[in-house]
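>>> no sequence for this one, just the structure:
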């Protein structure tokens, strides 16, 4: 696959080099597995298991030149080949025939260089003047069942999540049910989703600033039909209570969906499904904390950042594919039980030992990484909650105090479908 994208993007070396283009791609992917090291140290781990084989000993400058010579195009093409709902559809990734995905954004820090500052700005605000490093915004669509990346877009934080979402939604495959938070409750985005023969389930604001949703027809399950973005939608108003041994917290949710049939898609089932949107938050935790360890990206130029982000997404996707292959080999095993940390460290060990670099005649879909994952499956997930707090503030002066309750509690959830607003015949919003 690497050779194919190098040929496709015309990035093959024109003469024999100590660092051929294929090897530079491997270096960039290994750099994501060993995010705590510089590229010279990454190279040492990449060739550590090749004892007795003559290998190059490039300098730090040579590695930098090789990465710049390669450019970001091959990594973009490789990510485009790999993106999708993991290697198999055998896991519990569909709901009533629809592939459940979530869309959301996050931010990453990039190196504080003059070249990066020309494209990526620092976040303003706070008593200290904002962030210490430039930041980029990453928006992805992920399959909730396997947490694999369906698509991604990124750029300066001066553009919002919905701006980056537009191009991705124009490429959305048919048969997807897309879960989104309140930031994506826009008629234009809804039209993009339905134009791809897909469905949307999005939370909307209930107070000031929320969309006007006239009641056109009340449905037996407590939801009602309305109009949003010029299209017929279904609205579900619900009171959700989470009870722990510490307290009970109640909130009002309003969900807008293009799933109009209450018999096929009951309101209570839709409410419970919406909780799956949090799978994308877990995926971002795996990328930012698991792989990067909260570190700043290495690249000091915008082209290098483009290259590094795509390498990061490719590495994450490869690990997720290996994990899904493993859990699919044991029917009935939920992909949630696969440990990302175990898969990550198993991959690091495979690279250091140069294990499996020569393909055998028999295809092993599980492999060493998959077997370690299956040997140490996580317990089935219990319903537990923890208050959402700032654990790593942009500035230490903005960090929350030490008296925050960070304990995790077992919980029970109760749902109550509300009757909704009074019937109205006002014009569509």
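Done, it's in. Values in this document were obtained by computation on a predicted structure and should not be read as measured data.
>>> so is residue 103 in a helix, a strand, or just coil?
Using DSSP: H, G, I helix; E, B strand; the rest coil, the structure places residue 103 in strand.
>>> any idea how far it is from residue 197?
Going from residue 103 to residue 197 by Cβ to Cβ, to the nearest Å gives 17 Å. C-betas here are computed from N, CA, C, even on glycine.
>>> these two: who's more crowded?
residue 103 (29 against 11; other Cβ atoms under 10 Å).
>>> quick check: residue 76 is in a helix.
Yes - assessed by three-state DSSP, residue 76 belongs to a helix.
>>> ok, and the closest non-adjacent residue to it?
residue 310 (5.4 Å; Cβ to Cβ, 6 or more residues apart in numbering).
>>> residue contacts, residue 75?
Residue 75 makes contact with 25, 28, 306-307, 310-311, 314, according to Cβ atoms under 8 Å, 6 or more residues apart in numbering.
>>> just these: which are in helices?
Among these, DSSP state H puts 25, 28, 306-307, 310-311, 314 in helices.
>>> most widely separated two among the residues you listed?
The span of the ones in helices among the contacts of residue 75, defined through Cβ to Cβ, is set by 25 and 306 at 14.2 Å.
>>> between the two, which has more neighbouring residues?
It is residue 25, of residue 25 and residue 306, that has more neighbours when counted by other Cβ under 10 Å, with 24 against 20.
>>> how close does that one get to residue 80?
Separation of residue 25 from residue 80 (Cβ to Cβ): 14 Å.
>>> could you report the neighbour count for residue 95?
Counted with other Cβ under 10 Å, residues neighbouring residue 95 total 17.
>>> which residues touch it?
Residue 95 touches 177, 273, counting by Cβ under 8 Å, 6+ apart.
>>> any idea which element residue 177 lies in?
strand 176-180 (DSSP states H and E).
>>> which of the residues in the helix or strand just after that strand are buried?
Once the chain leaves strand 176-180, the next helix or strand it forms, by DSSP H and E, is helix 187-194. Residues of helix 187-194 classed as buried by neighbour count (16 or more other Cβ atoms under 10 Å): 187, 189-190, 192-193.
>>> got it, and stretch 334-351?
So, applying 16+ other Cβ under 10 Å, buried residues of stretch 334-351: 335-338, 340, 342-344, 346-347, 350-351.
>>> name the residues that touch it?
30, 33-34, 45-46, 49, 86, 91-93, 145-147, 286, 290-291, 318-319, 322-324, 326-327, 355-356, 368-369, 372-373, 376-381.
>>> pLDDT averaged over stretch 205-219 - what is it?
Averaged across stretch 205-219, the pLDDT comes to 88.
>>> repeat for stretch 52-66
Average pLDDT, stretch 52-66: 92.
>>> look at that stretch and report the distance between its end residues.
Terminal residues of stretch 52-66 lie 25 Å apart, using Cα to Cα, to the nearest Å.
>>> ok, now stretch 186-200?
11 Å.
>>> how far off centre is that stretch?
Centre-to-centre, stretch 186-200 and its host chain are 20 Å apart (Cα atoms, centre = their mean, to the nearest Å).
>>> stretch 50-59 too?
36 Å.
>>> report the buried residues of that stretch.
residue 58.
>>> please apply the same query to stretch 96-112.
Neighbour-count burial for stretch 96-112 [16+ other Cβ under 10 Å]: 98-106, 108-111.
>>> ditto for stretch 110-129
For stretch 110-129, a neighbour-count test (16+ other Cβ under 10 Å) marks 110-111, 113, 116, 119-123 as buried.
>>> so where's the stretch 1-150 of the chain uncertain?
Along the stretch 1-150 of the chain, the model assigns pLDDT under 70 to residues 86-92, 125-129.
>>> strands of that one, start to end?
94-95, 98-109, 135-143, 148-156 (DSSP state E, counting those that start in this stretch).
>>> could you do the stretch 251-400 of the chain as well?
Using DSSP E, counting those that start in this stretch, strands in the stretch 251-400 of the chain cover 384-385.
>>> picking up where we left off before, taking strand 135-143 as reference, get the angle to the strand holding residue 177.
140 degrees (axes from the mean of the first three to the mean of the last three Cα atoms, to 10 degrees).
>>> run the angle between strand 176-180 and helix 187-194 for me.
Here the directions of strand 176-180 and helix 187-194 differ by 160 degrees (the same axes, to 10 degrees).
>>> partner strands of strand 176-180 and their direction?
strand 98-109 (parallel), strand 199-204 (parallel) (DSSP bridges).
>>> these: which one's closest to residue 220?
Among those, the nearest to residue 220 by Cβ to Cβ is strand 199-204 (19.5 Å).
>>> for the helix or strand that that closest one is followed by, what is the distance to the chain centroid?
Sequence-wise, the next helix or strand downstream of strand 199-204 (DSSP H and E) is strand 217-218. Averaging C-alpha positions (Cα atoms, centre = their mean) puts strand 217-218 36 Å from its chain's average.
>>> need the contact partners of the next helix or strand after strand 217-218.
Using DSSP H and E, the helix or strand that follows strand 217-218 towards the C-terminus is strand 224-228. Strand 224-228 has contacts (Cβ under 8 Å, 6+ apart) with 187, 190, 211, 213-219, 232-235, 256, 260, 420, 428-429.
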